[in-house]
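> Turn this into a structure:
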Amino acid sequence: MTEKELVDGCIREDRICQRELWDRYSKKLMSLCIRYCNNQEEAEDALMEAYIKIYDNLNKFKFLSSLETWMRRVTVNLCINKIRARKHIWNSISDDEYRIGFNDNTFENLQVQQILKLVESLPVGYRTIFNLYAIEGYPHKEIAKILAIDEGTSRSQFSKARKALQLSIEKLEGGVMPS
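Okay, the predicted model is just below:
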């Protein structure tokens, strides 16, 4: 089934097409939700809310990107809105404080699951900025706009996330895996 046929079927509320949309993308979107949410339960709730939003807005999908890309954007935006609704989680620091070193081959000997586990263990502010910048590829200026924070705050949160990851990796090298 093509993306066009899938979207058209979902718009018609065809249960087979809706199930196919779920089967094709739910695992990828769930891993995305897990990266942004505090726990499995919150990630599952976010995934369900994302699918509701996706089903409700499929008629607005214009095929200017892949369906998966559009669904990822919807899901990320939903997760960001959930984060924004929480209490203030952004700590401002001076520009000088966020300049730390980070060796580009730090992750070289780690497996993907170990890296994801380390990212999941970050505090929500650090994790959100790290995901948006390092994984989703948003520039700090856009992250600041999306989250309604200063660009310097985005940079500092990313820097703190990198520092926290670096410390976690040093612990891993000592044989301690984060839980």
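> Who are the packing partners of the lowest-mean-pLDDT helix or strand in the chain?
Within the chain, confidence by mean pLDDT, DSSP states H and E is lowest for helix 112-120 among all helices and strands, at a mean of 75. The contact analysis (3 or more CB pairs under 8 Å, 6 or more residues apart in numbering; DSSP states H and E) places helix 112-120 against helix 15-36, helix 124-130, helix 151-173. (Glycine included, C-beta is placed from N, CA and C.)
> Check those for me and report the most buried one.
helix 124-130 (a mean of 23; mean count of other CB atoms under 10 Å).
> List the contacts of the helix or strand that comes right after it.
Sequence-wise, the next helix or strand downstream of helix 124-130 (DSSP states H and E) is helix 140-147. In this structure, residues lying in contact with helix 140-147 by CB atoms under 8 Å, 6 or more residues apart in numbering are 80, 83-84, 90, 128-129, 132-133, 138, 149-151, 153-155, 158.
> Pick the one among those closest to Ser66.
Tyr138 (18.3 Å; CB to CB).
> That closest one: what's it in contact with?
132, 146.
> Walk me through the domains of this structure.
The chain resolves into domains spanning 3-85, 95-173 when parsed by automatic domain parsing.
> Check the ones you listed for me: which has the lowest mean pLDDT.
Mean pLDDT values for those show the minimum at domain 95-173, a mean of 76.
> Minimum distance to Lys62: which of the helices and strands packed on helix 112-120 has it?
When the helices and strands packed on helix 112-120 are compared (using CB to CB), the closest one is helix 15-36, at 16.9 Å.
> All set now, cheers.
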